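*Asks:* Model the structure of this input:
(one chain, ligands or ions: 2)
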Amino acid sequence: MPDLHDKPEPEISPAPETQQTGISRRGFLKGVGAGAVTATVVPAVWLSHAENAAAQTSPMGVTDASIQLKVNGKIHTVQVEARTTLASALRDRLDVTSPKLVCDRGECGACTVLIDGKTVYSCIMLALDAVGRDITTVESLASGETLHPIQEAFIEKDALMCGFCTPGFVMAVKALLDANPNPTLEEVKRGVSGNICRCGTYPRVFEAALEAARKMKKGG
Ligand code: FES
Ligand code: FES
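*Replies:* Ligands and ions are numbered 1, 2, ... in the order given. Predicted coordinates for the structure are as follows:
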């Protein structure tokens, strides 16, 4: 009877990311989760994601770096740790508080921002991964006292109750209308399907998105 424990271990090729940097994303995140970011691990990630980052390891072993993030058209220099999410960098370092933290695990969409025009859950994106990308939040929409047509439509259609989900929905609608200025109701529903509203304002959000499309076609 052959002993199963004698079976040779199968050879597994390293994933492409591991081959390039010498560290896999899984390995990196594990290290961060254990609070064990080492000086040998972090620079590989730094260099692949943030050419202008200056990494430093404190006596406590916490490694942080100075990176530049382009938020709503402006470049900001931010000090982040390897584990810092984009949501945290925006809210806690830059005082850009429209992305809300509700689930903090990529399920509800309250933290939605646009990265290069596409919706992203900022609570599950590392700040490092946003280096060199265009980050857009609700703060960019109004022009002085004049609200963006999407914001106006949300108010006119009463599309919010507690409001925690609203900035995420507004950004999802913005991404949708930028890509498709004349959506059907079905397309609106699909466009905001990554966002959850605990208060159940969905029908009004859909109406607001359609009204915003009408307003934007008329030029605001
Ligand atoms: S807070 Fe980011 S998806 Fe819920
Ligand atoms: S308005 Fe309360 S969660 Fe949507």
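*Asks:* pLDDT below threshold where in the chain?
*Replies:* In the predicted model of the chain, residues 1-62, 220 satisfy pLDDT under 70.
*Asks:* ok, now with 90
*Replies:* Residues of the chain meeting the criterion pLDDT under 90: 1-64, 218-220.
*Asks:* what ranges do the helices span in it?
*Replies:* Counting by DSSP state H, the segments of the chain that form helices are 16-21, 25-33, 42-49, 86-88, 149-156, 166-179, 185-191, 202-217.
*Asks:* Distance check, the most centrally placed residue in the chain against ligand 1.
*Replies:* Centroid-nearest residue in the chain, with CA atoms, centre = their mean: Ser122, separated by 2.2 Å. For Ser122, the distance to ligand 1 (CB to the nearest ligand atom, to the nearest Å) stands at 7 Å. Backbone N, C-alpha and C define where each C-beta goes, glycine included.
*Asks:* That residue reaches Leu94, doesn't it?
*Replies:* No - assessed by CB atoms under 8 Å, Ser122 is found out of contact with Leu94, at 11.7 Å.
*Asks:* Enumerate every residue touching Thr119.
*Replies:* 109, 112-113, 171-172, 175, 194 (CB atoms under 8 Å, 6 or more residues apart in numbering).
*Asks:* Which members of these are the farthest-apart pair?
*Replies:* Using CB to CB, the two most remote members of the contacts of Thr119 are Val113 and Gly194, lying 12.4 Å apart.
*Asks:* more crowded one of the two?
*Replies:* Val113 (29 against 17; other CB atoms under 10 Å).
*Asks:* can you pull the contacts of the more buried one?
*Replies:* 86, 90, 99, 119-120, 122, 135-137, 171.
*Asks:* No further questions, thank you.
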